[in-house]
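**Q** sequence? don't have it. structure:
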């Protein structure tokens, strides 16, 4: 029985020392916080896309070389009508 009492006493001591250290749950985000977060995310995504466009030379004025040939299938061709 002595072991059980010591275990209970240890648990009580642990809980009483741990309980004051608990933090309250964070407050729910406000509309202002959400709006600010959206604006920050939009800015970061825009910067990322601009950098990707620069890396891939999407604004390069030179045409992309494309190899093509006429198809023998008339269904794939444009018609004047």
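**A** On my side now, so go ahead. Quick caveat: nothing in here was measured; it's all calculated off a predicted structure.

**Q** low pLDDT regions in this protein?
**A** Across the chain, residues meeting the criterion (pLDDT under 70) sit at 1-5, 14-21, 80-81.

**Q** at 80 instead, please
**A** Scanning the chain for pLDDT under 80 picks out 1-23, 61, 63-64, 71-72, 74, 76-81.

**Q** mind checking the longest helix of it?
**A** Ordering each helix of the chain by length in residues (DSSP state H) puts helix 31-55 first.

**Q** How far off centre is that one?
**A** 11 Å (Cα atoms, centre = their mean, to the nearest Å).

**Q** Give the buried residues for that helix.
**A** When burial is assessed from 16 or more other Cβ atoms under 10 Å, helix 31-55 yields no buried residues. Using the backbone N, CA and C atoms, a C-beta is placed for each residue, glycine as well.

**Q** can you list contacts of it?
**A** Under the contact criterion Cβ atoms under 8 Å, 6 or more residues apart in numbering, helix 31-55 has outside partners 29, 59.

**Q** Please renumber the chain so that the first residue is 49 from this point on.
**A** Happy to do that; since the first residue is 49 now, the last one works out to helix 79-103.

**Q** What about residue 112, how many residues nearby?
**A** 6 (other Cβ atoms under 10 Å).

**Q** Same question for the one 4 residues further on.
**A** Neighbourhood size, residue 116 [other Cβ under 10 Å]: 5.

**Q** Kindly report the same for residue 105.
**A** Neighbours of residue 105 (other Cβ under 10 Å): 10.

**Q** what's it sitting at in phi/psi?
**A** Backbone torsions of residue 105, given as degrees, to the nearest 10, read phi 60, psi 40.

**Q** ok, now how distant is it from residue 112?
**A** Separation of residue 105 from residue 112 (Cβ to Cβ, to the nearest Å): 10 Å.

**Q** and what of residue 122?
**A** 28 Å.

**Q** Same question for residue 120.
**A** The gap separating residue 120 from residue 112 is 26 Å, by Cβ to Cβ.

**Q** same question, residue 71
**A** According to Cβ to Cβ, residue 71 stands 56 Å off from residue 112.

**Q** cool, residue 75 as well?
**A** Counting by Cβ to Cβ - residue 75 and residue 112 are separated by 52 Å.
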